[in-house]
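J.: test case, fold it:
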Amino acid sequence: MSIYRFNVFNTGISLAALLALSACGGGGGGTATTATSTTATSVSGTAAKGLVRQARVLVCRIVNGTPEADPSCASAISADDGSFTVSMTDGYTGPAMIKVVAGSATMMQDETTGTNIPYGMTMRAIVPAVSVSTTAYVTPFSEMAANAVGTTAIDADKMRQAMATVQTLMAGLGVDLSVKPTVDLKSNGSDPATLGRQSNMVKQLTRMVMAAKNASSLTDTNGVPCNAAGTSASQQVACAMNAMARVMTGAATTDQAKAAVVLAALNAQNVTTAYMPIIRADGTLDVEMADMTSSQAMQTAMGRAGMDTTAASGTVSGMMQRMR
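T.: Got it, this is the predicted structure:
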């Protein structure tokens, strides 16, 4: 046994105490203090089915494999363009679950009519790791991934697997959970490929609303069609979103029969005219009606939203190539 270890064990002073004394300068008479600072982290993104306005957005830490209770989650309110930023002042960097929760004034855009309808559901997304600046988009497709991880034994790997499974299942529609569900001319105005993927996400969300209204094959847990007589557009959308989520039976598994029904219902919708949310170059929100199958109609819509007319033709051509 070394002299150092002998002295520690035989004077009754713990190693932790010795380290603390050392950090404070020993018995030098002065008192040293160590200031610590925490760098806040954040989660920003867009909630869209269509754009979800004035919703409470919760970012809930995953604690021992389970999302923390709602009152403990960091929160913010979504703006009229569906955007949100939630700050984690404790500097949390682990996995998290986002919840977009309805309030008394929460509305969502119906892309088939351009009107706002009540938002009466909870839509979620999962984040494998929160960083200083994290981006996440909350849509019915992200809800599928959130449903896939369940409510227990959640970790970052399980989240990544669930997101990959959803994207593989929805590959025929070009769904990409990392793509903003709004056409963003401010950030991506000179990038036809990104604008095309964003336009496609708007198109697939429109397809989902159409399926909610038109497809009797989409049902609630009791087998009642989502579009049953007397149901509102809001109820139909919530029912269809939940039908899509029930396809997922695990992070890496799906119910093949339910998946076939959902995909058939979505693919049966012929998306033409849609009300497209567009972020102008100045950052303001515009909503333009356009035939998403027509290059000329798309050019006109982009021009009204502020896209340079001389560049619109080539840009829209690149966009159309990425739409399904």
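
J.: tell me where the stretch 51-200 of the chain has strands.
T.: 52-53, 56-63, 66-67, 74-77, 83-88, 96-101, 107-109, 116-118, 122-127, 134-138, 183-184 (DSSP state E, counting those that start in this stretch).

J.: quick check: buried residues in the longest one?
T.: Translated: strand 56-63. 56-62 (16 or more other CB atoms under 10 Å). In short, each C-beta sits where N, CA and C put it, glycine included.

J.: of those residues, closest to residue 114?
T.: Within those, the smallest distance to residue 114 is 23.8 Å, found for residue 57 (CB to CB).

J.: neighbours of residue 301, how many?
T.: 26 (other CB atoms under 10 Å).

J.: same check on residue 284?
T.: If you count neighbours by other CB under 10 Å, residue 284 ends up with 13.

J.: where's it relative to residue 81, distance?
T.: 8 Å (CB to CB, to the nearest Å).

J.: sorry, back to before: turn the buried residues of strand 56-63 into a markdown table, including distance to residue 186 and pLDDT.
T.: Shown next, in a markdown table, are those (distance: CB to CB, whole Å; pLDDT from 0 to 100):
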| residue | distance to residue 186 | pLDDT |
| --- | --- | --- |
| 56 | 26 | 98 |
| 57 | 21 | 98 |
| 58 | 27 | 98 |
| 59 | 24 | 98 |
| 60 | 30 | 98 |
| 61 | 31 | 98 |
| 62 | 33 | 98 |
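
J.: wait, which of those is closest to residue 306?
T.: Among the buried residues of strand 56-63, residue 57 lies closest to residue 306 (CB to CB), at 27.7 Å.

J.: hang on, that closest one packs against residue 86?
T.: Yes - between residue 57 and residue 86 there is a contact under CB atoms under 8 Å: 5.8 Å.

J.: mind listing the shared neighbours of these two?
T.: Residues touching both residue 57 and residue 86 (CB atoms under 8 Å, 6 or more residues apart in numbering) are 75-76, 98.

J.: in which helix or strand would I find residue 243?
T.: helix 233-245 (DSSP states H and E).

J.: repeat that for residue 303.
T.: Here residue 303 sits within helix 295-304, counting by DSSP H and E.

J.: avg pLDDT for that helix?
T.: For helix 295-304, mean pLDDT rounds to 92.

J.: same check, this time on stretch 188-206
T.: On average, stretch 188-206 scores 95.

J.: buried ones in that stretch?
T.: 188-189, 191-192, 194-206.

J.: stretch 72-91 too?
T.: For stretch 72-91, a neighbour-count test (16+ other CB under 10 Å) marks 73-76, 78-79, 81-84, 86, 88 as buried.

J.: can I get that stretch in CSV, CA atoms only?
T.: Extracted in CSV, the C-alpha atoms of stretch 72-91 (Å, rounded to 0.1, in the frame of the first residue of the first chain):
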residue,chain,number,x,y,z
SER,A,72,-42.1,19.1,-17.0
CYS,A,73,-41.5,19.5,-20.7
ALA,A,74,-40.1,22.7,-22.3
SER,A,75,-42.7,24.5,-24.3
ALA,A,76,-43.6,27.2,-26.8
ILE,A,77,-46.5,28.3,-29.0
SER,A,78,-46.4,27.7,-32.8
ALA,A,79,-46.6,30.8,-35.0
ASP,A,80,-49.1,31.4,-37.8
ASP,A,81,-46.7,29.7,-40.3
GLY,A,82,-46.5,26.6,-38.1
SER,A,83,-43.0,27.4,-36.9
PHE,A,84,-41.7,27.0,-33.4
THR,A,85,-38.6,27.2,-31.3
VAL,A,86,-38.4,25.6,-27.9
SER,A,87,-35.4,26.3,-25.7
MET,A,88,-33.9,23.8,-23.3
THR,A,89,-32.3,26.1,-20.7
ASP,A,90,-30.8,23.1,-18.9
GLY,A,91,-28.7,22.2,-21.9
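
J.: pull the residues that contact stretch 185-197.
T.: Outside stretch 185-197, the residues touching it (CB under 8 Å, 6+ apart) are 174, 176, 179, 183-184, 198, 278-283, 302, 305-307, 311, 314-323.
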